[in-house]
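In: got a sequence here, can you build the structure:
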Amino acid sequence: MRHIRLLLLSLLFISCYYQEEDATLYEVGDNFELCVDSLKLQSNEPLHNQPIDTLCEHLTVYYGNPLVVAETAIIPEDSVDSVWVKLARDQFTMGWAHQHDFTESVVPDDPISRFIHFFSVRHLGVFLVVFAVSLIVLFWQILGKRKLHVFFFRDILSPYPTYLLITLAASALLYAGIQHYVPETWVLYYYHPTLNPFGLPLILSLFLCSVWVLLVLTIATIDEVLKQLPVSEALLYLLSLLGCCILCYLLFTLAALSPGVSYILFALFVLVLLLRYFRNSRPRYLCGSCGKRLKELGKCPHCGAENK
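Out: Residues are numbered from 1 along each chain as shown. Reported below is the predicted structural model:
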């Protein structure tokens, strides 16, 4: 616990800078990367009432190309988008695009923004695969009648998995709430990301704090599971916990669409987990060899001695 407290204190002093809420999404000189197959750029500077597709030459940039904002222009008469952005791949490849086409086609050249983009596009497929594997492992244990540790059904004597799931549910509610009710705050964060939870809008600050707590609880959970279980059984337990985390995330991101339902569901969820933990966390036995607490008779997870 002492190391966890030190880690939490160190996270509080991370000093990444976050721009004010009224800042623009991007500025001249900002770097991006193209995340679509291709983007067509107009070679000539846009002029008032100029037909785009008939009188101008075009060039194309492709997926993965680095782009930098070189200039912006306002064309009030443009019925499609009045804001134009000049983009440069290199000193020989430059062109103009509508701001809407630009923002829909690029990801900021920042590791946090890249992760947000990857998570937004890929997370559902990855979650379904991991959840399916978790179910297969669980059914394999049931059919094989193996007395392995599984989160919630045959848990270990540790509060960290329970706290991890509760924190994840809170994070999912906050994330979905930001996405649905204050999306402009999330868009601004996407273009100006930071790991520092201070100096942000309140809901975003709470979300980042929950992410840091999740990181600390994940480390603590893995460490606790590896201490109490053999490596092979610990991996199966962590896989079952991961499957529960995925189900929890999907459930509460959907529930956040209805605030009243989500708050009631979250309160019941926390109550059930805490009651279950406190009921099952009282060890009824002590190991006859090492004296450590045992939830049930059998092989001691600490010293390996058999207790009957």
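In: what ranges does the protein have for its helices?
Out: 2-12, 52-55, 99-105, 111-143, 160-181, 183-191, 202-228, 231-255, 259-280 (DSSP state H).
In: a markdown table please, covering those and showing distance to Asn44, mean neighbour count and mean pLDDT.
Out: Just so you know, the C-beta spots here come from the backbone N, C-alpha and C atoms, and that holds for glycine as well. Formatted as a markdown table, these follow (distance: least, C-beta to C-beta, whole Å; neighbours: other C-beta atoms under 10 Å; pLDDT from 0 to 100):
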| stretch | distance to Asn44 | mean neighbour count | mean pLDDT |
| --- | --- | --- | --- |
| helix 2-12 | 50 | 11 | 43 |
| helix 52-55 | 8 | 10 | 50 |
| helix 99-105 | 16 | 17 | 88 |
| helix 111-143 | 30 | 13 | 70 |
| helix 160-181 | 38 | 20 | 90 |
| helix 183-191 | 28 | 17 | 89 |
| helix 202-228 | 40 | 17 | 92 |
| helix 231-255 | 45 | 18 | 83 |
| helix 259-280 | 50 | 13 | 84 |
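In: adding distance to Leu87, write these out as a markdown table.
Out: Shown next, in a markdown table, are the helices of the chain (distance: least, C-beta to C-beta, whole Å):
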| stretch | distance to Leu87 |
| --- | --- |
| helix 2-12 | 36 |
| helix 52-55 | 16 |
| helix 99-105 | 7 |
| helix 111-143 | 17 |
| helix 160-181 | 28 |
| helix 183-191 | 15 |
| helix 202-228 | 29 |
| helix 231-255 | 34 |
| helix 259-280 | 40 |
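In: nearest to Arg89 among the ones you listed would be which one?
Out: helix 99-105 (12.9 Å; C-beta to C-beta).
In: got the contact list for the closest one?
Out: Identification of contacts with helix 99-105 by C-beta atoms under 8 Å, 6 or more residues apart in numbering yields 25, 34-36, 39, 72, 80-81, 83-85, 87, 97.
In: and the residue lying closest to Leu265 once chain neighbours are set aside, how far is that from Leu239?
Out: Distances taken as C-beta to C-beta, 6 or more residues apart in numbering place Ala255 nearest to Leu265, at 5.2 Å, with adjacent residues excluded. Using C-beta to C-beta, to the nearest Å, we find Ala255 at a distance of 25 Å from Leu239.
In: cool, and Val216?
Out: 21 Å.
In: my guess is the residue nearest to Leu265 contacts Leu173. True?
Out: Yes: with contact defined as C-beta atoms under 8 Å, Ala255 reaches Leu173; the gap is 7.5 Å.
In: intersection of neighbour lists for these two?
Out: Joint contacts of Ala255 and Leu173 (C-beta under 8 Å, 6+ apart) are 262, 266.
In: show me the contacts for the residue nearest in space to the middle of the chain.
Out: The residue lying closest to the centre of the chain (C-alpha atoms, centre = their mean) is Phe119, at 6.5 Å. If a contact means C-beta under 8 Å, 6+ apart, then Phe119 has no contacts.
In: against Thr253, how distant is it?
Out: Following C-beta to C-beta, the distance that separates Phe119 from Thr253 is 12 Å.
In: repeat that for Leu200.
Out: 21 Å.
In: and Ala172, how far from Ala256?
Out: Ala172 is 7 Å from Ala256, by C-beta to C-beta.
In: which among the contacts of helix 99-105 count as buried?
Out: 34-35, 39, 72, 84-85, 87, 97 (16 or more other C-beta atoms under 10 Å).
In: just those now: which is nearest Cys287?
Out: Cys35 (55.1 Å).
In: residue contacts, that closest one?
Out: 63, 105-107, 117.
In: for it, grab phi and psi.
Out: Reported as degrees, to the nearest 10, the phi and psi values for Cys35 are phi -120, psi 10.
In: with distance to Pro193 and pLDDT added, can I get the contacts of helix 99-105 in JSON lines?
Out: Below are the contacts of helix 99-105 laid out as JSON lines (distance: C-beta to C-beta, whole Å; pLDDT from 0 to 100):
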{"residue": "Leu25", "distance to Pro193": "12", "pLDDT": "81"}
{"residue": "Leu34", "distance to Pro193": "19", "pLDDT": "91"}
{"residue": "Cys35", "distance to Pro193": "16", "pLDDT": "89"}
{"residue": "Val36", "distance to Pro193": "21", "pLDDT": "88"}
{"residue": "Leu39", "distance to Pro193": "23", "pLDDT": "89"}
{"residue": "Thr72", "distance to Pro193": "22", "pLDDT": "87"}
{"residue": "Val80", "distance to Pro193": "29", "pLDDT": "78"}
{"residue": "Asp81", "distance to Pro193": "25", "pLDDT": "78"}
{"residue": "Val83", "distance to Pro193": "23", "pLDDT": "87"}
{"residue": "Trp84", "distance to Pro193": "26", "pLDDT": "89"}
{"residue": "Val85", "distance to Pro193": "20", "pLDDT": "90"}
{"residue": "Leu87", "distance to Pro193": "21", "pLDDT": "91"}
{"residue": "Ala97", "distance to Pro193": "23", "pLDDT": "88"}
